[in-house]
Every structure is written in structure tokens, then in C-alpha cells.
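Colleague: 3D, please:
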Amino acid sequence: MTVVQCKEEGKATREQQSAHEGCTIHGTLGVNKVAGNFHFAPGKSLHSVAISLDGLITFQRTDYNVSHRINHLSFGKVYPGRANPLDLATSITNDRAAMYQYFVKVVPTKYHYLNRTHVDTYQYSTTENFRKLDAFQRGLPGVFFFYDLSPIMVTFRETRNSFLHFLTGVCAIVGGIFTV
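Modeller: Next up is the predicted model:
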């Protein structure tokens with residue numbers, strides 16, 4: 001065995017090990033309170049809005065598997081006990097060129113507590129779309145999030161019933177028992 005053969009052996013092992021690797025992305029993203037989007041796609045980022053994206057794509061679309069898992073996605077402050085629609089969402093594809101699109105409707109939400117504190121946050125609903133990209137179909141492989149803010153706010157208010165309300169309920173129950 002020669003030294004050159006040993007070098008080639010290590011390369012094959014590294015390629016085989018990295019065949020099923022992916023990216024892990026974690027962080028926060030500040031967005032304006034207007035409709036917009038963010039995405040995760042292969043290739044270089046482009047910062048000029050005057051240049052057409054389709055004319056600059058130089059990679060083969062068939063070289064990317066965009067299977068993904070969303071561990072957590074939220075807008076605003078995290079509210080304990082709230083389950084978000086895309087938390088732990090998993091999308092796996094065997095297609096080598098595909099586009100996942102998530103259309104997110106974000107609703108401003110305010111929680112008022114009995115102790116006179118409040119939390120301003122957001123909740124959202126989502127629909128998703130999967131599209132396999134063929135050779136003649138336009139599109140970029142990746143995971144795309146399109147969000148839109150609702151003009152209507154939802155308010156949750158903690159309240160406590162008065163003692164008189166409780167007493168009226170008890171009287172109604174006792175009266176119902178004697179009627180039967």
C-alpha cells in the first residue's frame with residue numbers, strides 16, 4: 001500500500017460521512033410590521049434588488065435535498081403553554097429539486113392578567129405548499145416563509161366573577177334541584 005492510496009481512502013470516508021449531513025440554523029430575525037418573507041436556499045445571497053435572481057442562478061437544481069425540520073418558530077415574545085403550528089414540523093422529500101412554501105398569517109395578540117400586567121405578542125396560522133421542480137419549471141429549491149400581519153388584534157383578558165355572580169349560580173342550582 002502506498003501513501004497516495006491512504007490519502008484517497010480518507011477522502012472517500014469523509015465524503016461518505018458527510019452524505020447525510022445538513023445545516024442547523026438557530027437564531028432570531030427582526031422583521032418589520034409589514035408583509036414580507038425570508039427563506040433558506042442554496043447559493044449565494046444577493047443584495048441588489050435591481051438584478052433578476054433567475055438570471056444569476058448558476059448551480060444545478062438537482063443537487064439539493066431540501067428536507068427539513070422546524071423545531072420552533074414564533075413571532076414576538078414566547079408565551080408559556082402556547083403551541084405554535086410549525087413547532088416540530090418535519091418535511092422530508094426524496095426529490096432532489098423541490099420548493100417548500102409556508103404562508104403564515106400573523107395576528108397581534110395581547111394577554112391581560114388579573115395582576116394588571118400584560119404581554120404583547122403574536123400568534124399565527126399557516127398553510128403550506130410543496131412543489132417539485134422539474135427541468136422546465138421555474139423556481140428555486142429551498143424553504144420559503146411568506147408572512148403577512150393581520151390588521152385585527154386579539155385580546156385575552158383574565159377575569160374573576162364576583163361573589164354575587166357565584167351566589168346567583170348556587171341559588172339557580174339549588175332551585176333546580178327542588179323543582180325536580
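
Colleague: what about the helices in this structure?
Modeller: Taking DSSP state H, the helices of the chain run over residues 3-17, 163-179.

Colleague: By mean pLDDT, show me the worst of those helices.
Modeller: When the helices of the chain are ranked by mean pLDDT, helix 3-17 comes last with a mean of 49.

Colleague: So the closest residue to residue 155 other than its chain neighbours versus residue 159, what's the distance?
Modeller: Distances taken as CB to CB, 6 or more residues apart in numbering place residue 110 nearest to residue 155, at 4.8 Å, with adjacent residues excluded. For glycine as for every other residue, the C-beta is placed from the backbone atoms N, C-alpha and C. Noted for residue 110: a distance of 15 Å to residue 159, by CB to CB, to the nearest Å.

Colleague: Looking at those two, which is more packed in?
Modeller: residue 110 (14 against 7; other CB atoms under 10 Å).

Colleague: The more buried one pairs with what?
Modeller: Bridge pairing for residue 110 (DSSP bridges) gives the partners residue 120, residue 155.

Colleague: just checking, it touches residue 158?
Modeller: No - counting by CB atoms under 8 Å, residue 110 stays clear of residue 158, with 11.8 Å between them.

Colleague: for the protein, what spans make up the strands?
Modeller: Here the chain has its strands, by DSSP state E, at 36-40, 68-70, 89-91, 98-112, 118-132, 142-149, 154-157.

Colleague: mind giving me CSV with the ones you listed and columns for distance to residue 78 and mean pLDDT?
Modeller: As requested, the strands of the chain are exported to CSV (distance: least, CB to CB, whole Å; pLDDT from 0 to 100):
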stretch, distance to residue 78, mean pLDDT
strand 36-40, 19, 87
strand 68-70, 15, 88
strand 89-91, 17, 88
strand 98-112, 12, 92
strand 118-132, 8, 90
strand 142-149, 17, 91
strand 154-157, 15, 90
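
Colleague: still on that earlier bit, wait, what's in contact with the residue nearest to residue 155?
Modeller: Contact analysis of residue 110 by CB atoms under 8 Å, 6 or more residues apart in numbering lists 118-121, 153-156.

Colleague: let's see 10 Å
Modeller: Going by CB atoms under 10 Å, 6 or more residues apart in numbering, residue 110 touches 118-122, 153-157.

Colleague: In TSV, list those residues along with distance to residue 101 and neighbour count.
Modeller: Shown next, in TSV, are those (distance: CB to CB, whole Å; neighbours: other CB atoms under 10 Å):
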residue	distance to residue 101	neighbour count
118	34	14
119	30	15
120	29	11
121	25	17
122	20	21
153	26	11
154	25	12
155	31	10
156	30	12
157	36	10
